[in-house]
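Student: only geometry, no sequence info:
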Ligand SMILES: Nc1nc2c(ncn2[C@@H]2O[C@H](COP(=O)(O)OP(=O)(O)OP(=O)(O)O)[C@@H](O)[C@H]2O)c(=O)[nH]1
Ligand SMILES: [Mg+2]
């Protein structure tokens, strides 16, 4: 037991032993960590406390992971899902505010965001779901975030160029993820040797390039933490680079738009396209519109780039971006 422990530390420690809920445990552990004198002799205890804190935090997240706490299970919406991740203060919430109509809190201190927040990002006439997440640090990685990364079409990995510590923050995210079965990569895939390990396609997004030392830090980041993810430096607050990023988020979803027209209607419904993966068929779109449509589909007329206007096609017809289809059902 290291010497010089404060009275507050000893009190918190005693309470910790008696704690009956994980919330109480966490509170005590945090006091102990704060009160622990920092020197060589306390290194081990310091590490143990941090470990315990992160374990309790993880345990506390478990019910959320199962969706028991309302609002945590976020339904998929739109043409695809991109999850915005990164260290504290990287500007994840600011990015959501700039690209969607969601209004997560933005503030100059870490852990402003403690729960994922979804928003819809327009790309031309399509919407893509973005999800803001709590920060990932050396000590903290919310299992809900891990699940979101695993299930997303794309991860947007943000880096804080506002401080020298931003690069450490990036490294902490990468090393934390490397110790899990959810990893970031240039392309989404499952590991060939260990199917438990899944890779999520990632865009690297250094933020705050409006700040004077940001360019220098970006250089340092390339030097000390080289990554082969496509890179989109931005200023989420000022809007710089956001249009390129918007396109970069949409493109890898690899979807096409299809507009529908009722047989009796003069004009197709151009307000709200259906989206489908490239190479998708008429039958798949019919299914999306209504299960019965797919079952009872007789034929469709298609207006589009690959066929003469109004060509009659069957369910196996491969659709193209911006096709208009008029479904005829039995
Ligand atoms: N100069 C500058 N500041 C920014 C930019 N984007 C965000 N900030 C500031 O950085 C701080 C953190 O922004 P947030 O969006 O809350 O960061 P976060 O990644 O969501 O942080 P956590 O929720 O704690 O993980 C705030 O003070 C923002 O105003 C930017 O592009 N330029
Ligand atoms: Mg945030």
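Tutor: Nice, I can see it. No experiment lies behind these values; they were computed from the predicted model shown. Ligands and ions are numbered 1, 2, ... in the order given.

Student: which sections of this protein are below the confidence cut-off?
Tutor: 1-3, 17-21, 63-72, 190, 192, 194-196 (pLDDT under 70).

Student: remind me, longest helix of it?
Tutor: Looking across the chain with DSSP state H, the single longest helix is helix 43-65.

Student: which elements pack onto it?
Tutor: Packing contacts for helix 43-65, counted by 3 or more CB pairs under 8 Å, 6 or more residues apart in numbering; DSSP states H and E, involve helix 22-35, helix 143-151. For glycine as for every other residue, the C-beta is placed from the backbone atoms N, C-alpha and C.

Student: what's the closest of these to ligand 1?
Tutor: helix 143-151 (10.6 Å; CB to the nearest ligand atom).

Student: got the buried residues for the closest one?
Tutor: 143, 144, 145, 146, 147, 148, 149, 150 (16 or more other CB atoms under 10 Å).

Student: swap in stretch 223-234?
Tutor: 227, 231, 232, 233, 234.

Student: dump the residues you listed to CSV, plus secondary structure and distance to ligand 2.
Tutor: Formatted as CSV, the buried residues of stretch 223-234 follow (DSSP: H, G, I helix; E, B strand; the rest coil; distance: CB to the ion, whole Å):
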residue, secondary structure, distance to ligand 2
227, coil, 22
231, strand, 21
232, coil, 19
233, coil, 19
234, strand, 16
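
Student: sorry, back to before: out of the helices and strands packed on helix 43-65, which comes closest to ligand 2?
Tutor: Ligand 2 lies closest to helix 143-151 among those, at 11.7 Å (CB to the ion).

Student: could you list the domains of the chain?
Tutor: 7-63, 81-253, 255-329 (automatic domain parsing).

Student: helices of the chain, start to end?
Tutor: 7-18, 22-35, 43-65, 92-99, 143-151, 165-178, 214-224, 242-250, 282-289, 291-296.

Student: can you redo the ones you listed as a markdown table with distance to ligand 1?
Tutor: A markdown table is the format used below for those (distance: least, CB to the nearest ligand atom, whole Å):
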| stretch | distance to ligand 1 |
| --- | --- |
| helix 7-18 | 25 |
| helix 22-35 | 17 |
| helix 43-65 | 14 |
| helix 92-99 | 3 |
| helix 143-151 | 11 |
| helix 165-178 | 9 |
| helix 214-224 | 8 |
| helix 242-250 | 10 |
| helix 282-289 | 34 |
| helix 291-296 | 40 |
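
Student: out of those, which one sits most buried?
Tutor: helix 92-99 (a mean of 24; mean count of other CB atoms under 10 Å).

Student: can you list contacts of the longest helix of the chain?
Tutor: 2, 22-23, 25-26, 29-30, 32-33, 36, 38, 69, 72, 115, 139-144, 147 (CB atoms under 8 Å, 6 or more residues apart in numbering).

Student: isn't residue 314 up against residue 299?
Tutor: Yes - counting by CB atoms under 8 Å, residue 299 is a contact partner of residue 314 at 6.0 Å.

Student: higher neighbour count, those two?
Tutor: Neighbour comparison, residue 314 and residue 299: the larger count goes to residue 299, with 15 against 12 (by other CB atoms under 10 Å).

Student: let me see the contact set for the closest residue to residue 175 other than its chain neighbours.
Tutor: Spatially, and ignoring its direct neighbours in sequence, residue 175 is nearest to residue 138 (7.5 Å; CB to CB, 6 or more residues apart in numbering). Shown in contact with residue 138 (CB under 8 Å, 6+ apart): 172, 175, 176.

Student: using CSV, lay out those residues together with distance to residue 211.
Tutor: Listed next are the contacts of residue 138 as CSV, based on distance: CB to CB, whole Å:
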residue, distance to residue 211
172, 21
175, 25
176, 26
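
Student: so which of those residues is the closest to residue 216?
Tutor: Residue 216 has its nearest neighbour among the contacts of residue 138 in residue 172, at 20.8 Å by CB to CB.

Student: measure that closest one to residue 88 for me?
Tutor: According to CB to CB, to the nearest Å, residue 172 and residue 88 sit 10 Å apart.

Student: what do those two both touch?
Tutor: What both residue 172 and residue 88 touch, as defined by CB under 8 Å, 6+ apart, is the set residue 137.
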